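J.: Next input, structure requested:
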Amino acid sequence: MASKKGVRIIITLECTECRSNTEKRSPGVSRYTTTKNRRNTTGRMELKKFCTHCNTHTVHKEIK
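T.: Below you'll find the model as predicted:
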């Protein structure tokens with residue numbers, strides 16, 4: 001039997017500033033995990049979160 005998939009899925013958000021900027025405060029990329037409803041939010045999610053590497057609030061985008 002096929003397993004029933006839930007509506008909510010776990011996604012990973014990654015800092016866009018850390019990925020593109022090589023001259024930053026410390027090495028690494030800030031990542032957060034959260035859940036989203038795949039029926040209501042079909043596109044990629046973008047949230048403004050605190051990045052510990054940039055030491056500011058930056059845009060975090062959903063990665064695969």
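J.: where does this protein have its least confident helix or strand?
T.: With mean pLDDT, DSSP states H and E as the measure, the helix or strand of the chain carrying the lowest mean pLDDT is helix 16-20 (a mean of 82).
J.: and residue 11, what are its phi and psi?
T.: Per-residue torsions, residue 11: phi -120, psi 160 (degrees, to the nearest 10).
J.: sorry, back to before: for the least confident helix or strand of the chain, list every residue counted as buried.
T.: Of the residues in helix 16-20, those with enough neighbours to count as buried (16 or more other Cβ atoms under 10 Å) are 16, 17, 18. Glycine gets a C-beta too; all of them are placed from N, C-alpha and C.
J.: Which helix or strand contains the residue nearest in space to the middle of the chain?
T.: Geometric centre of the chain, nearest residue: residue 13, 0.6 Å, by Cα atoms, centre = their mean. Residue 13 is located in strand 8-15, with elements delineated by DSSP states H and E.
J.: Neighbouring strands of that strand in the sheet, and parallel or not?
T.: Each strand paired with strand 8-15, and its direction, by DSSP bridges: strand 31-37 (antiparallel), strand 56-63 (antiparallel).
J.: so which of these gets nearest residue 44?
T.: For the strands paired with strand 8-15, the distance to residue 44 is smallest for strand 56-63, at 4.5 Å, taking Cβ to Cβ.
J.: Extract the CA atoms of the strand holding residue 13 and return them as CSV.
T.: As requested, C-alpha coordinates have been extracted for strand 8-15 and formatted as CSV (Å, rounded to 0.1, in the frame of the first residue of the first chain):
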residue,chain,number,x,y,z
ARG,A,8,3.0,20.1,5.5
ILE,A,9,6.6,19.6,4.5
ILE,A,10,9.9,20.5,6.1
ILE,A,11,12.0,23.1,4.1
THR,A,12,15.4,24.6,4.6
LEU,A,13,16.0,28.4,4.4
GLU,A,14,19.5,29.7,3.5
CYS,A,15,20.9,33.2,3.7
